[in-house]
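Chemist: Quick one: sequence and predicted model below, then my questions.
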Amino acid sequence: MIVEMIFSGFLFLFILVLNLAMGALGYSMEKDDYDSDAELQKINKNPRKFKAGIGLALIEHGCVIVLTIMLFIAFSPYNLILGIVLLIFRIGEGLIQFYNEKNYWGHLNIARQYSSTISDEKTSLSNLARSIFKTKDSRFKFAMICWSIGTFAFSIVLVTSGVVPEIGWLGIIASILVGFSTGIKLAKPNFKDFTAIGGLSAILFEIIIGGWLLLSSII
């Protein structure tokens, strides 16, 4: 169990680092003000950067699945049912994200065509790119609902088992905020009130639980 906890702690933190690196490369999981014309020009100007962003994203999605399996092994003895809920929804999150990249990769070909076509065709290609990103954005929101349910189950285990109830309560709050705000954004795309709060609370939870799993197992 110690090995699984150490590896889980490392993966929690590594996934956050990967997300920062993906953002630095211009990779977007969601964006309210997506400008397809500007994005296509950016991709065509530096396609390697776009490919690197997707490459890191694929690693991140794989890490989410491996992390989930490690958490299940380490914590399912405390509550098997909640462990299965964690396993189903967080692996579901990773698989949705994997599937999302297939169409998003198509932006490379669209960007190439966009750079060498006339204005009418540019409009059509821009609309296609926007449609692909909107689909990606919607699927990402469903992935975040999976994150919310899986994290909620995991956090309840942390609280009820008495392992680290304080961190568990933070996870419960973060998962509720993320699930609530994401659900409303699916119904009302312009809704932003709780999105930032939910995102920040989720990041804080994952930093703290990642650090605790890593250090408590070593010290």
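Modeler: Here it is on my side, so go on. Numbers count the residues shown, from 1 in each chain.
Chemist: need the longest helix for the protein.
Modeler: Taking residue count as the measure and DSSP state H as the definition, the longest helix of the chain comes out as helix 119-160.
Chemist: Which positions within the helix or strand that comes right after that one qualify as buried?
Modeler: Note on helix 119-160: by DSSP states H and E, the next helix or strand toward the C-terminus is helix 165-187. Of the residues in helix 165-187, those buried by neighbour count under the rule 16 or more other C-beta atoms under 10 Å are 167-168, 170-179, 181-182, 185. For the C-beta atoms, the positions are set from N, CA and C on the backbone; glycine is no exception.
Chemist: so how far is stretch 82-100 from its chain's centroid?
Modeler: How far stretch 82-100 lies from its chain's middle: 11 Å, per C-alpha atoms, centre = their mean, to the nearest Å.
Chemist: That should have said stretch 18-29, apologies.
Modeler: Averaging C-alpha coordinates over stretch 18-29 and over its chain gives two centres that are 11 Å apart (C-alpha atoms, centre = their mean).
Chemist: tell me which residues in that stretch are buried?
Modeler: Of the residues in stretch 18-29, those buried by neighbour count under the rule 16+ other C-beta under 10 Å are Leu18, Asn19, Ala21, Met22, Leu25, Tyr27, Ser28, Met29.
Chemist: quick one: buried residues of stretch 110-125?
Modeler: Within stretch 110-125, the residues that qualify as buried are Ile110, Ala111, Gln113, Tyr114, Lys122, Leu125, counting by 16+ other C-beta under 10 Å.
Chemist: which outside residues touch it?
Modeler: Contacting residues not belonging to stretch 110-125 are listed as Asp37, Leu40, Gln41, Ile43, Asn44, Pro47, Phe50, Ser126, Leu128, Ala129, Ile132 [C-beta atoms under 8 Å, 6 or more residues apart in numbering].
Chemist: Any regions of this protein where pLDDT drops low?
Modeler: Flagging of the chain using pLDDT under 70 yields the residue ranges 32-33, 189-195, 217-219.
Chemist: re earlier: what's the farthest-apart pair in the buried residues of stretch 18-29?
Modeler: Leu18 and Ser28 (14.3 Å; C-beta to C-beta).
Chemist: wait, isn't Thr135 in contact with Asn103?
Modeler: Yes: Thr135 is within contact range of Asn103, at 6.6 Å (criterion: C-beta atoms under 8 Å).
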